[in-house]
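**Student:** Coordinates for the following, if possible.
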Amino acid sequence: MTTGCNWLQLAAEGRQLLENAIAAEAENMDRVKQDFPYLSDFQTITLIMLWKHFREWSPEDRAEHLANKGVPWPFHTKAEPLKTIRLKTDLNDMGWDGLARFFANANIHPVDAYFNFARRRVAGFERGIPTASNDQRIWHAYSYYNPAMVPKMVQILRFYYNYMLALRENGNQTPAMRLGLAKGKIYPLDLIGYS
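**Tutor:** Just a heads-up that it's a prediction; the model follows:
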């Protein structure tokens, strides 16, 4: 593929390839679902694809290949065209169903969501605004004059996100609470209050 390809066309090709793969492997998908009934259709076709490519490999060789070279992902999406998945956590003890779930769920959406969260919560991380007066110029209205402020704000934001922000969709628990690192939410008064 060329570097100037159309991402929407790639996404359409990826969807079509997925539909064709599911139709072509219907019989194998039924067999796999008998052994792993908890896998979705997407995870099942991923398992079949991985098994066909890596079944002859030893677990050690497979793990090394997945960590270093990865696998070009054929099911392109608009958000992630031409994606290559490198699985750094395959310690050669993962079954085919575990590999399939890892591959099927591998995406950069959580990273994008966190970056968006950072841009919205910290004014200095906001994207620049194009100026009306000059072509191709960007005005960074809220950016920090001292670059040393960026890592300090990242540390504060990370603490806030992990220990103070309890979202309703996470059962009103902070990430630290879900991992067992904290017993409860830390409130601003706890952090800066005097006793």
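**Student:** buried sites along the longest helix anywhere in the chain?
**Tutor:** In the chain, assigned by DSSP state H, the helix with the most residues is helix 7-24. Buried residues in helix 7-24, counting neighbours by 16 or more other C-beta atoms under 10 Å, are found at Leu10, Ala11, Glu13, Gly14, Leu18, Ala21. C-beta: built from backbone N, CA, C; applies to glycine.
**Student:** how much space is there between the nearest residue to Pro188 once chain neighbours are set aside and Phe117?
**Tutor:** Nearest residue to Pro188 in three dimensions, chain neighbours excluded: Met164, at 7.4 Å (C-beta to C-beta, 6 or more residues apart in numbering). When distance is defined by C-beta to C-beta, to the nearest Å, Met164 is 13 Å away from Phe117.
**Student:** With Ala123 instead?
**Tutor:** 13 Å.
**Student:** Next, count neighbours for Ser53.
**Tutor:** Let me fix one detail, which is that residue 53 is His and not Ser. Residues lying near His53 (other C-beta atoms under 10 Å) number 12.
**Student:** quick one, what contacts it?
**Tutor:** Val71 (C-beta atoms under 8 Å, 6 or more residues apart in numbering).
**Student:** what kind of secondary structure is it in?
**Tutor:** helix (DSSP: H, G, I helix; E, B strand; the rest coil).
**Student:** Kindly report the same for Arg127.
**Tutor:** Going by three-state DSSP: Arg127 is coil.
**Student:** residue ranges with poor pLDDT in the chain?
**Tutor:** For the chain, the stretches with pLDDT under 70 are 1-5, 90-92, 195.
**Student:** Domain ranges for the protein, per the record?
**Tutor:** 7-105, 109-192 (automatic domain parsing).
**Student:** Nearest spatial neighbour of the residue most central in space within the chain, chain-adjacent residues omitted?
**Tutor:** In the chain, the centroid-proximal residue (C-alpha atoms, centre = their mean) is Ile108; its distance is 2.9 Å. Nearest residue to Ile108, sequence neighbours excluded (C-beta to C-beta, 6+ apart): Glu80, at 6.4 Å.
**Student:** Cool, thanks, signing off.
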